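Peer 1: 3D model of this:
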Amino acid sequence: MIDGPYFILTVLGVLGTGLVAGVFCGFSTFVMRGLAALPPAQGVAAMNAINTAAVTPAFMILFLGTAVLAAVIAVVTFVRWPDEGAVELLLGSALHLFGSFGVTAAANVPRNTALLRLEPGSAQAAAHWPTYIREWTAWNHVRTVASAAAAVAYVLALT
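Peer 2: Coordinates of the predicted model:
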């Protein structure tokens with residue numbers, strides 16, 4: 001059984017990945033649906049405001065801190081290679097680092113950056129908005145599932 005500081009790291013991993021999954025799930029299940037129901041100019045303006053507001057210390061500590069924690073768990077697992085839970089710990093770390101953090105950097109953030117460059121009331125923004133909603137939400141589903149699966153993997157490592 002995992003114990004000591006390694007236990008604490010793993011519990012924090014469960015908590016962090018679970019909270020990140022919850023944030024992403026909220027976006028996938030109701031925030032993006034609500035934004036999609038708005039006229040494009042309002043939806044673009046609202047999403048740009050949300051993306052700007054998201055870069056707060058509280059969310060960045062959660063999001064970046066959980067990514068760092070997942071990396072630390074992976075490194076400690078390779079160095080220590082515990083008798084039990086190693087596969088689950090590495091799987092949880094990989095799921096979060098690639099499926100949540102990696103997808104954010106490679107798919108969601110570039111879409112946010114492109115949207116921010118558009119004038120909300122422009123014809124270009126109105127034409128781009130449905131594609132943005134569809135693609136951003138699809139990638140957000142990936143982030144949600146990956147973060148939730150990472151939390152489950154970390155929990156399984158503790159059992």
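Peer 1: which one is Gly92 nearest to, not counting chain neighbours?
Peer 2: Excluding its sequence neighbours, the residue lying closest to Gly92 (CB to CB, 6 or more residues apart in numbering) is Ala153, at 3.4 Å. Using the backbone N, CA and C atoms, a C-beta is placed for each residue, glycine as well.
Peer 1: Which positions in the helix or strand hosting that neighbour come out as buried?
Peer 2: Per DSSP states H and E: Ala153 is located in helix 123-158. Buried positions in helix 123-158, judged by neighbour count with 16 or more other CB atoms under 10 Å: 125-126, 128-129, 132-133, 136-137, 139-155, 157-158.
Peer 1: for it, packing partners?
Peer 2: helix 4-26, helix 32-36, helix 40-54, helix 86-94, helix 103, helix 109-116 (3 or more CB pairs under 8 Å, 6 or more residues apart in numbering; DSSP states H and E).
Peer 1: Quick check: which of these is nearest to Ala70?
Peer 2: Minimum separation from Ala70 across the helices and strands packed on helix 123-158 (CB to CB) falls at helix 86-94, 4.3 Å.
Peer 1: so after that closest one, what's the next helix or strand?
Peer 2: Per DSSP H and E, the helix or strand that comes after helix 86-94 is helix 103.
Peer 1: Just list what that following helix packs against, helices and strands only.
Peer 2: On a contact count with 3+ CB pairs under 8 Å, 6+ apart, helix 103 meets helix 123-158.
Peer 1: And for the chain, the residue most distant from the center?
Peer 2: What lies farthest from the middle of the chain is Ala123; by CA atoms, centre = their mean that is 30.5 Å.
Peer 1: if I look at it, how far off is Ala46?
Peer 2: 19 Å (CB to CB, to the nearest Å).
Peer 1: Trp139 against Ala105, yeah?
Peer 2: No - using CB atoms under 8 Å, Trp139 is not in contact with Ala105; the gap is 11.0 Å.
Peer 1: Now do the contacts for the residue positioned nearest the centre of the chain.
Peer 2: Central residue of the chain (CA atoms, centre = their mean): Ser100, 4.2 Å from the mean position. Neighbouring residues of Ser100 by CB atoms under 8 Å, 6 or more residues apart in numbering: 17, 20-21, 24, 66-67, 143, 146-147, 150.
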